[in-house]
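K.L.:
All I have is the shape, not the residue letters:
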């Protein structure tokens, strides 16, 4: 028998060892990222017009150059599907707004440098944001209208940037987390505001190496990156590849490990069939959805009964599962992104036209409305964009649905340029378009349904002060419950009462990748989480 | 002869100017606005003001006649301007993509010549035998098959066959390296498209070779040579082939010019960063300067090839040479 | 476009001791069939496609544009002979109706393009001089101009659809036809009896119609058969690029775009059958055209 003291120390040692082993085993469940390797990914687009993220509007730019730059705040890289919490990239902590929610003061972290060695200070952040919100003469800022609530942005000192708003609003922070708001060097902006169109100078996890015109972009690890330990990759190669079949084949043959936008279900099924468990697939609802816009300036779409009828004819609840097998659409939703707290619940949705659970009743009502409006046997052309996924699939499906209430519609399919032209000129009866946004910001994202007087991208051709008033109330409302009620009111008005815009299925983002690519998490937006700092290769 | 040359060379100029006018007018008739496409291509929203600024920047808000004059003058001074889409010089955009297109076109031509002339000759010599029938079928199939369909099928076949044999599917590389840097990688990328394009090229040349050989073999001087007891091989090589090849060379030249246009579809199928794909992009983006420059390039190649072929023909045909 | 060697047809004088055999149309056809088995095969293929296209409603078991989301990408079976595509549409029915589209596009483009080319080519050869030169330049421009620009411009300005595709395809055919017709017509122009006819006071039209046109008929007809094939191929390419006929019209080229490539490994029938249809049809027209040429061109006949 051991002496009590010896027994105690043996026990302690055994317990300690048990704990240590337990900790080690538990630690292995959380994998440690390995350093090294080059990630090759495809970019499903042709070369964008320029490298200036402030000016451009296409994900091709983000996929190409986001790894070279930092932003002020962003979504959580480890959980970018969370739409309500924002994290710091260049700031030290998320500030609490003062002065009734109108002043945001960000402290900028120290020790950040650009690729040319210059230090990054609050002055650079302020200058960048100033260029975005108040672009100088001759400089174009594509998302300028997002920041109309900002009164002033300035660098208070070398480490603090202050945003002063005109009114408190919940849309500010999500707008600030815009992945396009890459931080530029003040010195360069002052000298030549157009410099960034053709050049890259950032402070992000990777340094710009080379760009083969129209073909590929390459970057290597930034050894001075301020998030210690990152990036894990030695470098990356982004290859421009607009053709889907080539992208899928390339992934199959491991010429590229993945692409970051999303592939349609058939392609993903094919990869799963051929590669089995060598690939992993992540899916997410997408902050993009198709919507049908009737031209209220053209007969018979000026009659709200006709508009409601056409909306009532479509069976979204049954169409969604079928279409989700062949197109990248999935969720039935209203005007708000389905994953957001501001979105309608199923019960609330079913009260709106176009979302009734009983399709026979819905179609009967549609026929009745058409008859009442004297538009039976209606025949027209629907304008659609020459893009397969999912425009053409959705368009073909809708035409089939309309044929079930005796409406004979055909598709007029045009390339992107003429499609825009026709919409802007009001030269269409009904058009299939999309409402695509980045960071989920429902109050901002639903501006699409406002009349043109309030939102220039609306093509419905209607004027409606009531609608604008509801929206403005919602914009200024800071209490969440009240804002949600106002959102329901807005949604009901747009879809059910006036049928100005008919939201069709929300898109479904499916991203397959080789299983050894780890660290990247999917989010509702293909603009988000693309700086690749937390990506690593397990091989 | 000199007069002939001069008239042919001078005839080139109105063709070029005519083509320039045509493309200028056509591009501006197409509805759409490059600025809107550029700002809206990502699906986000943009302001009217940024559109107007873009117009001013690109100079497309100036009167048509001014833009046209600038274009024509640019052609004469070989200053083709900047691409409206990217702002980079047009010459740079084209130069980055020309090598791969030229390489495929040349490889296709080589494939065509290597296949077409021997097969066409054999087919002619063994007219109406089963060999002739096989070659003719092969040739007509080449003309009848849509090249992009062939391309799609060939990619899939290569993937499936390599997966069946080795367990891992193999696909040609998707990023281009020049021939001198890494010949194997370069050729593995360009060989399949070259064969796809070259098949049709070969088919057309094969048929031409066959028909001209048949004509030549009927000529009296061949009969004389046979009567003289010359070996068939010598007859073919020294007498028949040389004369038969003249129209074939003409055809090869003309078809080569068409080949450049045919590259448009091939480059889409194989995702190659070449002139053909640039063409489609430029037109879709309504990038006037780039499209105009590309069209003039293609027209110039076509016109020059024709000119060279015509002059060659004239020089070889004594009736014109000594006129 | 296949370039054919310019045909030189010198009008053959008829002597007393040559026996002229007149045959009925049927007898001529049968004679042709016996001498040219391969060409007959081509003609047969063309006839089958033609009948399928004309009588599409009777031959096609399903409606080619109705979607069936319960039967997407099904393999060929007894219910769907050639399988279904990604929207559940029956491929066999779409191919049969596609034959109609193909033939409409093919024949319209070939005939209109050929006819305009014939007129221009003959006029160019007959009048000669300055008008010849101007026409030649214009033809050069049209021929050098890339088809895709022309097609995209026409499609963007006038919209997509069968009619505009036909216009887009017809335009490049005109100069090719004009060139061949002109080189066949030129020797006729030099023949003395044309001058004699003018001296007698015969009008231009009469001379053109009675002397020049009959002599260019043979190469012209052969070219027409080639044109139909080329037009079908051009429509396929344009549809593949998204510039041709649009959904949901059944057209072979359109069937090869988008869905066909997406499903090429899991549902290859979507891509294979339309391509085969194109290939067979153009094959048939070319075989027929070749046989026609062999029959009409004395120099290539076997001794």
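P.N.:
Happy to help now that I have it. This structure is a prediction, so every number in the text was calculated from the model and none was measured.
K.L.:
Now the stretch 101-250 of chain A against chain C: closest residue?
P.N.:
Closest to chain C within the stretch 101-250 of chain A is residue A:245: 4.1 Å, counting by Cβ to the nearest Cβ. C-beta coordinates here come from the backbone N, C-alpha and C atoms, glycine included.
K.L.:
can you check the stretch 151-300 of chain B too?
P.N.:
Closest point on the stretch 151-300 of chain B to chain C, by Cβ to the nearest Cβ, is residue B:299, at 4.3 Å.
K.L.:
Look at that residue and report its pLDDT.
P.N.:
Residue B:299 is assigned a pLDDT of 84 by the prediction.
K.L.:
Confirm that it lies within a helix, as I assumed.
P.N.:
Yes: counting by DSSP: H, G, I helix; E, B strand; the rest coil, residue B:299 is part of a helix.
K.L.:
Distance check, it against residue B:262.
P.N.:
Distance, residue B:299 to residue B:262, by Cβ to Cβ, to the nearest Å: 15 Å.
K.L.:
show me where pLDDT drops low in the stretch 101-250 of chain B?
P.N.:
Applying pLDDT under 70 to the stretch 101-250 of chain B flags residues B:235-236, B:238-239, B:242.
K.L.:
one step back: ok, the nearest residue to the residue of the stretch 101-250 of chain A closest to chain C once chain neighbours are set aside - how many residues close by?
P.N.:
Leaving aside its chain neighbours, residue A:245 sits nearest to residue C:261 (4.1 Å; criterion: Cβ to Cβ, 6 or more residues apart in numbering or on different chains). Neighbour count for residue C:261, taken as other Cβ atoms under 10 Å in any protein chain shown: 25.
K.L.:
Kindly report the same for residue A:457.
P.N.:
Residue A:457 has 19 nearby residues by other Cβ under 10 Å.
K.L.:
Then residue A:528?
P.N.:
Residue A:528 has 25 nearby residues by other Cβ under 10 Å.
K.L.:
Contacts only, for it.
P.N.:
A:74, A:75, A:80, A:179, A:438, A:439 (Cβ atoms under 8 Å, 6 or more residues apart in numbering or on different chains).
K.L.:
Quick check: the fourth one is in a helix.
P.N.:
No: under three-state DSSP, residue A:179 sits outside any helix and is assigned coil.
K.L.:
and the residue of the stretch 101-250 of chain C nearest chain A?
P.N.:
Counting by Cβ to the nearest Cβ, the stretch 101-250 of chain C gets nearest chain A through residue C:246, at 4.1 Å.
K.L.:
Please name the nearest non-neighbouring residue to that residue.
P.N.:
Nearest non-adjacent residue to residue C:246 (Cβ to Cβ, 6+ apart): residue A:413, at 4.1 Å.
K.L.:
What is the three-state secondary structure of the residue of the stretch 101-250 of chain C closest to chain A?
P.N.:
coil.
K.L.:
Check residue A:210 too.
P.N.:
With three-state DSSP as the criterion, residue A:210 reads strand.
K.L.:
wait, what's in contact with the residue of the stretch 101-250 of chain C closest to chain A?
P.N.:
Residue C:246 touches A:386, A:411, A:412, A:413, C:160, C:161, C:254, counting by Cβ under 8 Å, 6+ apart.
K.L.:
Next secondary structure after the host helix or strand of residue C:218?
P.N.:
Element membership of residue C:218, judged by DSSP states H and E, is helix C:213-240. On the C-terminal side of helix C:213-240, the closest following helix or strand by DSSP H and E is helix C:252-255.
K.L.:
what about that next one, average pLDDT?
P.N.:
For helix C:252-255, the mean confidence score works out to 86.
K.L.:
So which elements touch that helix?
P.N.:
Counting by 3 or more Cβ pairs under 8 Å, 6 or more residues apart in numbering or on different chains; DSSP states H and E, the packing neighbours recorded for helix C:252-255 are helix C:91-127, helix C:213-240, helix C:269-296.
K.L.:
packing partners for the longest one?
P.N.:
Same thing as helix C:91-127. helix C:37-54, helix C:56-59, helix C:129-144, helix C:162-190, helix C:213-240, helix C:252-255, helix C:269-296.
K.L.:
and those, which is most packed in?
P.N.:
helix C:252-255 (a mean of 28; mean count of other Cβ atoms under 10 Å in any protein chain shown).
K.L.:
Measure how far that helix is from the centre of its chain, please.
P.N.:
17 Å (Cα atoms, centre = their mean, to the nearest Å).
K.L.:
Contact residues of chain A facing chain C?
P.N.:
Selection of chain A residues close to chain C by Cβ under 8 Å from any Cβ of the partner chain yields A:243-245, A:248, A:264, A:266-267, A:269-270, A:273-274, A:322-323, A:325-326, A:386, A:388, A:392-393, A:395-397, A:399-400, A:411-415, A:417-418.
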